[in-house]
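Peer 1: the sequence and its predicted three-dimensional model are supplied below.
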Amino acid sequence: MYGGGYLFEKTNVSELENEDQEQLALFEARIERGEKIEAQDWMPALYRKQLIRMIEQHAHSEIIGALPEGTWITRAPGFKRKLGLMAKVQDEVGHGQLLYSAAETLGKSREAMIDDLINGRSKYSNIFNYPAYTWADSCFISWLVDAGAIVNQVANSKGSYAPYCRALERICIEEAFHLKFGHHAVTYLATGTPKQKQMMQEALNRWWAPMLQFFGPPDKESAHSEILMRWKVKILSNDDTRQQWLDMYVPKIWELGLTIPDENLRKNEATGKWEYTEPDWEEFVKVINGDGLCNKERLNVRKTAEKRGEWVRRAILSRASNKEYVTPLA
Amino acid sequence: MIEILDPRLKRLHLQTGVMPAKPKLDQLPTYEVFLQVKEPRPFKHEGCVHATSLEMALVFAKEQYSRRGICSGIWVAATKDLIVTEYTDNATDVYDHFNSVGDCKGKEYSIFHMIKRGTQHSYAGIVNADSPENALGCAKSLIERKKPVLNVWLVETAAMLKTAEEDKAIWETTPEKLFREAIDYKTAEKLKSFKEKQ
């Protein structure tokens, strides 16, 4: 589950001056022709760096995103919901593994990625720094946060780096179930008893602003992505993904009789674009830099898992028949 | 910052502070996974898993790559045991870089081909040879190919672990697990009756 925003380091195009210009031209021509780049191909250092950053953040988002939903498995209403949610959370963790492997093909080890996550040096999707107070919050994530991630992931699966595209294709197939599971759960709350409906409405009120932030800051404020677009690292802009999501899901939310907490939300028929009240972008920056409701808890849960699993990893390594790490192939 | 909501997490007394850097190999070496969706389709590369032995890799691969959808077989091999050729450009057959070898005797090698960038390596067949280089030469002569091959992976067949015929039972119940399928979550009726009541 990954949205967009704040993906990349500021792109310093002058770094490209040190690259082999002939190789760079061949590389760019390959992408221009619509061919994929494989792990063993020549690539500019800037491309490698930005891809590692993006795929790694995506992987962390899957692992951390499993926490607010995972906490609801034991309290999900009924056996069927428990089974469904458990399968979904297992998928998310599996997606994390797929993505860590894709990032590894670019030369960063999984040890280094996990170190960077738990020590706060690497980001993950900001939305998971918010708490899931009720079952309805978990349902919102399953349906609408996943929907946002799918918009982004379907776009990125058309990108240039083959191992990432292959992982995303697999992920998108699995997410089809998440989306239906989430929609089903939200539908049952929104069309249920007054109490259930109220619970769903309150969750929607809480998650609306973080959901709009999920796609990242407005394009006019993230102007460094031109080269990333040309290299097909980034496929759709933040505003494009946000608009696509609004277009697909606002009518479905309204259909359930729920009220979206923004009086200014409307589709401008002349431009075909949705107009909305901008979420608080200062808060977004504050939360992404560590000062949100759950940032510390999320990382502390991961730290605890690392600590508690340490003896297991040490034990199996001591009896390992294979102790030779080489970069995974594809 | 809010108080932890989940009582199970509260009881854990969560770890805080800076964690020491993970030692080398803390996340274990990697194994490449090949999966057959259905007989007689070829085995295709799916991705990797982290493990310390072929047995562990096979267990993880089963969980990671075959818990959803159908599957009829999995092969695993340590990444270090795979031999990889250069990638060529789309029109060039990578076998042009190798000389054919006539005397194909020795260890058995499994050969995997990629014919288009972005697609997965797919099982192409076996050859016997006395070295990996000669295995490529033997594959050039012995393995039929309709299109130029862009990249070849090869591995000694003995270095792979494969699911056996009786292992197939592990996938028998997959189709029953409907709770993993989108089709099991139908909302149309519910929505229709909701709208009618409005």
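Peer 2: Ah, there it is.
Peer 1: from here on, contacts and neighbour counts on C-alpha atoms
Peer 2: Fine.
Peer 1: buried ones in the top helix by length along chain A?
Peer 2: Determined from DSSP state H, the single longest helix within chain A is helix A:162-190. By 16 or more other C-alpha atoms under 10 Å in any protein chain shown, the buried positions in helix A:162-190 come out as A:162-169, A:171-172, A:174-190.
Peer 1: so which elements touch the following helix or strand past it?
Peer 2: Sequence order places helix A:194-213 as the next helix or strand after helix A:162-190, per DSSP states H and E. When contacts are defined as 3 or more C-alpha pairs under 8 Å, 6 or more residues apart in numbering or on different chains; DSSP states H and E, helix A:194-213 packs onto helix A:135-140, helix A:162-190.
Peer 1: for residue A:24, find the nearest of these.
Peer 2: Closest to residue A:24 of the helices and strands packed on helix A:194-213, according to C-alpha to C-alpha: helix A:162-190, at 17.8 Å.
Peer 1: strands of chain A, residue ranges please.
Peer 2: With strands called from DSSP state E, chain A shows them at A:266-268, A:273-275.
Peer 1: make that chain B, sorry
Peer 2: Going by DSSP E, chain B shows strands at B:30-36, B:44-50, B:73-78, B:83-84, B:107-114, B:122-129, B:151-156, B:160-162.
Peer 1: who touches the fifth one?
Peer 2: Meaning strand B:107-114. Identification of contacts with strand B:107-114 by C-alpha atoms under 8 Å, 6 or more residues apart in numbering or on different chains yields B:120-132, B:135, B:139, B:149-158.
Peer 1: spit out the contact partners of residue B:117.
Peer 2: For residue B:117, the contact set (C-alpha under 8 Å, 6+ apart) comprises A:35-38, A:162, B:90, B:150.
Peer 1: among those residues, which ones are buried?
Peer 2: For those, buried by 16+ other C-alpha under 10 Å: A:35-38, A:162, B:150.
Peer 1: so which pair among those residues is furthest apart in space?
Peer 2: Greatest spatial distance in the buried ones among the contacts of residue B:117: A:162 and B:150, 14.0 Å, computed using C-alpha to C-alpha.
Peer 1: any weak-confidence spans in chain B?
Peer 2: Of all residues in chain B, none has pLDDT under 70.
Peer 1: and the helices in it?
Peer 2: Assigned by DSSP H, chain B shows helices spanning B:7-11, B:54-66, B:132-142, B:188-197.
Peer 1: could you dump those helices to TSV with mean neighbour count and distance to chain A?
Peer 2: Listed next are these as TSV, based on neighbours: other C-alpha atoms under 10 Å in any protein chain shown; distance: least, C-alpha to the nearest C-alpha, whole Å:
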stretch	mean neighbour count	distance to chain A
helix B:7-11	11	8
helix B:54-66	19	6
helix B:132-142	22	18
helix B:188-197	12	6
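Peer 1: what residues are up against the nearest residue to residue B:155 once chain neighbours are set aside?
Peer 2: Using C-alpha to C-alpha, 6 or more residues apart in numbering or on different chains and skipping the chain neighbours, the partner closest in space to residue B:155 is residue B:82 (4.9 Å). Taking C-alpha under 8 Å, 6+ apart, we find residue B:82 in contact with B:153-155.
Peer 1: kindly recompute the last result at 10 Å.
Peer 2: If you count contacts by C-alpha atoms under 10 Å, 6 or more residues apart in numbering or on different chains, residue B:82 has them with A:329, B:31-32, B:110-111, B:132, B:152-156, B:159-160.
Peer 1: out of these, which is nearest to residue A:121?
Peer 2: Nearest to residue A:121 among the contacts of residue B:82 is residue A:329, at 26.3 Å by C-alpha to C-alpha.
Peer 1: shouldn't the closest one be in contact with residue A:101?
Peer 2: Yes. If you go by C-alpha atoms under 10 Å, residue A:329 and residue A:101 touch, sitting 9.2 Å apart.
Peer 1: please indicate which of the contacts of strand B:107-114 are buried?
Peer 2: With neighbours counted by 16+ other C-alpha under 10 Å, the contacts of strand B:107-114 contain buried members at B:120-129, B:131-132, B:135, B:139, B:149-157.
Peer 1: so which elements touch the helix or strand bottoming out on mean pLDDT in chain A?
Peer 2: Sorted by mean pLDDT, DSSP states H and E, the helices and strands of chain A end with helix A:226-230, the least confident at a mean of 89. Secondary-structure packing of helix A:226-230 (3 or more C-alpha pairs under 10 Å, 6 or more residues apart in numbering or on different chains; DSSP states H and E): helix A:21-32, helix A:45-70.
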